[in-house]
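Trainee: Give me a 3D structure for the following:
(one chain, ligands or ions: 1)
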Amino acid sequence: MIKVSQLSKQIPGGPSALSGISFEIGQGEFVAIKGASGSGKSLLLRCLALRERWSYGDYVVDGVDIFKKGLSGRLKVRREMAYLEEKPTLIPNKTALKNVLVGAAHQTPIWRRVTGMIRNDDYMGAMDMIEKMGLLDKAHQKGDKLSGGEKQRFAIARALVHGAKTLLVDEPVSGLDPHQAEVVLSDLKRMCKSQGITVIAVMSQGDWAERFADRILGLNNGKLVVDIKGRRMTEREKMLI
Ligand SMILES: Nc1ncnc2c1ncn2[C@@H]1O[C@H](COP(=O)(O)OP(=O)(O)OP(=O)(O)O)[C@@H](O)[C@H]1O
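Mentor: Just a heads-up that it's a prediction; the model follows:
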């Protein structure tokens, strides 16, 4: 369970980019964040990943008060919440499998990064994740020989390979054609349902959020103005964001 209370983010010298945002998200939910350009969607995601400092607010993850716990709270977020920026890149001249293995480098001990040594259980874990994404036949293809959708799916596998319980992903289908977008979002949905992974995704374009997410958080000017679950947005709600 992720509980955010009164999150505010003040940009130095500027107005509040996020203010008074509160919500609770259960394990295995697929949550979409929607809103107009500049409404604060990516900033909210980066705050949840602790890649931005919060100006104010409380953050509780699985009962752990992240800010009260100091470093161990931050490490919990780093370990258990994977963050994937918009249009992630794979290393072009390495196989998709190697890309998954070298991913999340901050979670790999430095000596293994330096020596390039791969443990058997890392290898098995990467192959397991690749299989779950239905990509086994592409595992040995080089990064630059994959389609946009396949790159995105391997990037998701790389983000989750170290056992994160939550995926924070910025615009997972941007730049993809509708067929590839369907495949990526179907994968994410399946991971929520079968593995209990919580997905929080900025999804501003089209009606992808309404088709795939269990829940939609809508932002307007840094404020949470829509929070709906299990239904489509009304026309009035669409006007709010
Ligand atoms: N690190 C930062 N420093 C200063 N201002 C920032 C920072 N990050 C975001 N902002 C500002 O906060 C506001 C929200 O930005 P954000 O990137 O979250 O918007 P968005 O809703 O994701 O927009 P888009 O859909 O265009 O990507 C913008 O006015 C942006 O300029």
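
Trainee: Could you pull up the contacting residues of residue 11?
Mentor: Taking C-beta atoms under 8 Å, 6 or more residues apart in numbering, we find residue 11 in contact with residue 17. All C-beta atoms are positioned from the backbone trio N, CA, C, and that covers glycine.

Trainee: what about it, distance to residue 232?
Mentor: According to C-beta to C-beta, to the nearest Å, residue 11 stands 33 Å off from residue 232.

Trainee: Low-confidence ranges, the protein, go.
Mentor: Residue ranges of the chain with pLDDT under 70: 103-118.

Trainee: can you tell me which helix in it is longest?
Mentor: helix 178-195 (DSSP state H).

Trainee: Can you give me the buried ones in that helix?
Mentor: Buried residues in helix 178-195, defined by neighbour count with 16 or more other C-beta atoms under 10 Å: 180-185, 187-189, 191-192.

Trainee: how close does the residue most central in space within the chain sit to the ligand?
Mentor: By C-alpha atoms, centre = their mean, the mean C-alpha position of the chain lies nearest to residue 168, the distance being 1.8 Å. Look at residue 168 and the ligand: by C-beta to the nearest ligand atom, to the nearest Å, they are 13 Å apart.

Trainee: How about that residue: which residues does it bridge to?
Mentor: Note on residue 168: beta-bridge partners by DSSP bridges are residue 83, residue 200.

Trainee: Now do the same contact list for it.
Mentor: 45, 48-49, 81-84, 200-201.

Trainee: What parts of this protein come near the ligand?
Mentor: 11, 17, 35, 37-43, 204 (C-beta under 6 Å from any ligand atom).

Trainee: Apply 5 Å and report the result again.
Mentor: Counting by C-beta under 5 Å from any ligand atom, the residues of the chain close to the ligand are 11, 17, 37-43.

Trainee: circling back: quickly check the buried residues of helix 178-195 for the two that are furthest apart.
Mentor: The span of these, defined through C-beta to C-beta, is set by 180 and 192 at 19.3 Å.

Trainee: Contacts only, for the nearest residue to residue 221 once chain neighbours are set aside.
Mentor: The shortest distance from residue 221 to any non-neighbouring residue, by C-beta to C-beta, 6 or more residues apart in numbering, is to residue 39 (6.1 Å). Residues in contact with residue 39, defined by C-beta under 8 Å, 6+ apart, are 219-222, 241.

Trainee: By neighbour count, which of the residues you listed wins?
Mentor: Counting neighbours by other C-beta atoms under 10 Å, the top entry in these is residue 219, with 25 neighbours.

Trainee: Tell me the spacing between the nearest residue to it once chain neighbours are set aside and residue 95.
Mentor: Of all residues beyond its chain neighbours, the one nearest residue 219 is residue 35 (3.5 Å), with distances taken as C-beta to C-beta, 6+ apart. Applying C-beta to C-beta, the value for residue 35 to residue 95 is 37 Å.

Trainee: Residue 37 too?
Mentor: Remark: distance between residue 37 and residue 95 (C-beta to C-beta) = 36 Å.

Trainee: For these two, indicate the residue with more neighbours.
Mentor: residue 95 (19 against 6).
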